[in-house]
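Participant: Sequence first, then the predicted structure:
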Amino acid sequence: MTTPPRIIRTVDTLQALSAEWHRAGLRVGMVPTMGALHSGHLALVEAARARAERIIVTIFVNPAQFAPTEDFAAYPRTEASDVEKLAALGVEAVFAPNAAEMYPAGFATTITLKGPALGLETDFRPHFFAGVATVVAKLLIAGFPDVALFGEKDYQQLAVVTQLVADLRLPTEIIGLPTIREADGLALSSRNAYLTAEERAVAPILAATLQEIAAGIRSGQPAAALIEAGTARLVASGFRTPDYLTLRNARTLAEPVDLATEPLRLLVAAWLGRTRLIDNIAV
Ligand SMILES: Nc1ncnc2c1ncn2[C@@H]1O[C@H](COP(=O)(O)OP(=O)(O)OP(=O)(O)O)[C@@H](O)[C@H]1O
Ligand SMILES: CC(C)(CO)[C@@H](O)C(=O)[O-]
Ligand code: BAL
């Protein structure tokens, strides 16, 4: 029989619980999420279990990372079934605060970023990483985990969080885990729930296009021509012209200078109907 996780609504309670665990000599792991949990999230939880004796999963649809025109209101909220999934994995605590707990009246702090936060998502969601970094800093300070796990699906976010924790010297190890995919290659994402049946049939072309471009680059074909052909394939399949489809240095996310020696990552964001999909792969 599994013990259901403790549901925690306040920062004070989470800080006290984490301090108690640390006093008992237990390692604490954290998996930050916005809920609507799928197997990608659950893989992060399982990886946390291998690294920590106590696991906190956070569920918070963070208003600060959504522009007024974005899908904050529509974002799926499924707390009861999320908690059931986490209970089955033996998660000890779910931190699910409301917005007033995270951003009380008078809240006036926002983290600003450079480095890996420049470009890509920031060109299209300028508010996004300030909102993510501010909430992640708050979550890490609330839960004081020894280790926190993030998915490579949100590759730039992982780079931003890694930089944030290094710059602020937060005492948490940040671990990135590979993207979990459907059998047809589509990266799992809570927003896949927005896709119509027709769009769902088209969506795997995003990952297939990345694979095709990466294979071409590895075989020595010019990246620019491959990216142009990939863009045309996406548009012909029903995607809008991608927000970006680009080859970057996998560590800095800057434009690569020397393809032969730098670690490379191919990243894409593209709208399919009313759903914005992102994906990325190593080259
Ligand atoms: N397919 C996946 N594989 C591995 N990790 C994932 C996957 N999808 C999401 N994650 C990770 O789970 C964490 C929480 O992400 P989030 O709750 O935003 O889920 P999401 O499915 O990415 O939602 P969205 O549709 O909003 O992008 C992040 O670290 C994210 O990178
Ligand atoms: C890291 C995060 C939980 C911050 O709100 C969110 O951006 C997400 O779910 O990837
Ligand atoms: N998965 C990252 C959170 C977001 O896109 O808002």
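Facilitator: Structure's in. What do you need? Fair warning: this is a prediction, and the values are worked out from it, not measured in the lab. Ligands and ions are numbered 1, 2, ... in the order given.
Participant: Relative to ligand 3, how far out is the residue of the chain found nearest ligand 1?
Facilitator: At 2.1 Å from ligand 1, Gly151 is the closest residue in the chain, using CB to the nearest ligand atom. All C-beta atoms are positioned from the backbone trio N, CA, C, and that covers glycine. From Gly151 over to ligand 3 the distance is 8 Å, taken as CB to the nearest ligand atom, to the nearest Å.
Participant: tell me the contacts of the closest residue to ligand 3 within the stretch 1-150 of the chain?
Facilitator: With CB to the nearest ligand atom as the measure, Gln65 is the residue of the stretch 1-150 of the chain nearest to ligand 3, at 5.2 Å. Contacts for Gln65 (CB atoms under 8 Å, 6 or more residues apart in numbering) come out as 125, 127-129, 131-132, 135.
Participant: now do Arg240
Facilitator: Taking CB under 8 Å, 6+ apart, we find Arg240 in contact with 270-272.
Participant: Distance of the residue in the stretch 51-200 of the chain positioned nearest to ligand 3 relative to Pro97?
Facilitator: Relative to ligand 3, the nearest point of the stretch 51-200 of the chain is Asp154 (4.7 Å; CB to the nearest ligand atom). In this view, Asp154 and Pro97 are 21 Å apart by CB to CB, to the nearest Å.
Participant: Next, count neighbours for the residue of the chain closest to ligand 1.
Facilitator: 22 (other CB atoms under 10 Å).
Participant: The chain should start at 106 in everything you say after this.
Facilitator: Right, with 106 as the first residue, what we last looked at is Gly256.
Participant: That one and Leu282 touch, don't they?
Facilitator: Yes: in this structure, Gly256 is within contact of Leu282 by CB atoms under 8 Å, at 5.8 Å.
Participant: Identify the contacts common to those two.
Facilitator: With CB under 8 Å, 6+ apart as the test, Gly256 and Leu282 both reach Leu149.
Participant: Secondary structure element holding Leu245?
Facilitator: Using DSSP states H and E, Leu245 maps to helix 233-248.
Participant: what's next to the helix or strand just after that helix, contact-wise?
Facilitator: Following helix 233-248 in sequence order, the next helix or strand is strand 252-256 (DSSP H and E). Residues outside strand 252-256 that contact it (CB under 8 Å, 6+ apart): 132-137, 145-146, 149, 152-153, 156-157, 245, 262-263, 266, 277-285.
Participant: Read off the pLDDT value for the residue nearest in space to the middle of the chain.
Facilitator: For the chain, the residue nearest the mean C-alpha position is Asp259 (3.9 Å; CA atoms, centre = their mean). pLDDT, Asp259: 98.
Participant: Equivalent analysis for the one 5 residues further on, please.
Facilitator: Turning to Ala264, the model gives it a pLDDT of 98.
Participant: which parts of this structure sit against ligand 3?
Facilitator: Counting by CB under 6 Å from any ligand atom, the chain comes close to ligand 3 at 139, 170, 259, 262.
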